[in-house]
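S.K.: when you get a sec, could you give me coordinates for this:
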Amino acid sequence: MIGRNRYKNRIELLQGTLDMLILKTLQWGPQHGYGIVQALHATSGEVLQVETGSLYPALHRLERQAWVRSEWKQTESNQRAKYYRITAAGKKQLASDLSRWQHMVEVIGAVMHRVPDGEEA
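M.R.: As a prediction, this is how the structure comes out:
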């Protein structure tokens with residue numbers, strides 16, 4: 001029962017949403033993978049939890065698209081980590097994704113708030 005409840009409130013991200021969230025996080029400054037996960041978790045009110053099995057394929061995909069670049073650096077704890085930063089093309093893509101996302105939210109909201117004929121709001 002505990003295991004089932006653990007996943008009950010889990011929010012599955014729509015396809016493509018993770019890329020947009022990563023780009024937004026990198027807009028705040030360069031970050032390594034763990035830092036991206038922590039930033040998404042913290043800024044979502046600890047609701048979003050991105051697994052490494054989803055994060056790194058997304059980062060590699062974004063890198064292939066030239067929306068992010070990476071370089072190896074030392075972390076604050078003196079460990080070697082790959083840091084990612086958003087590119088100009090990534091910023092352009094983020095703006096496009098955000099526009100589509102906002103439109104989708106409006107459309108879904110309109111559907112969800114529609115009152116069936118004959119019923120009162």
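
S.K.: mind checking the SS state of the residue positioned nearest the centre of the chain?
M.R.: Central residue of the chain (CA atoms, centre = their mean): residue 21, 2.4 Å from the mean position. Under DSSP: H, G, I helix; E, B strand; the rest coil, residue 21 falls in the helix class.

S.K.: isn't it right up against residue 40?
M.R.: Yes. Contact criterion CB atoms under 8 Å: residue 21 and residue 40 qualify, at 5.9 Å. Yep, even glycine has a C-beta here, placed from its N, CA and C like the rest.

S.K.: what's the overlap in contacts for the two?
M.R.: 48, 50 (CB atoms under 8 Å, 6 or more residues apart in numbering).

S.K.: look up how far residue 17 lies from residue 93.
M.R.: Residue 93 sits 13 Å away from residue 17, going by CB to CB, to the nearest Å.

S.K.: neighbour count: the two, which is higher?
M.R.: residue 93 (20 against 15; other CB atoms under 10 Å).

S.K.: which residues does residue 94 contact?
M.R.: 20, 23-24, 27, 86.
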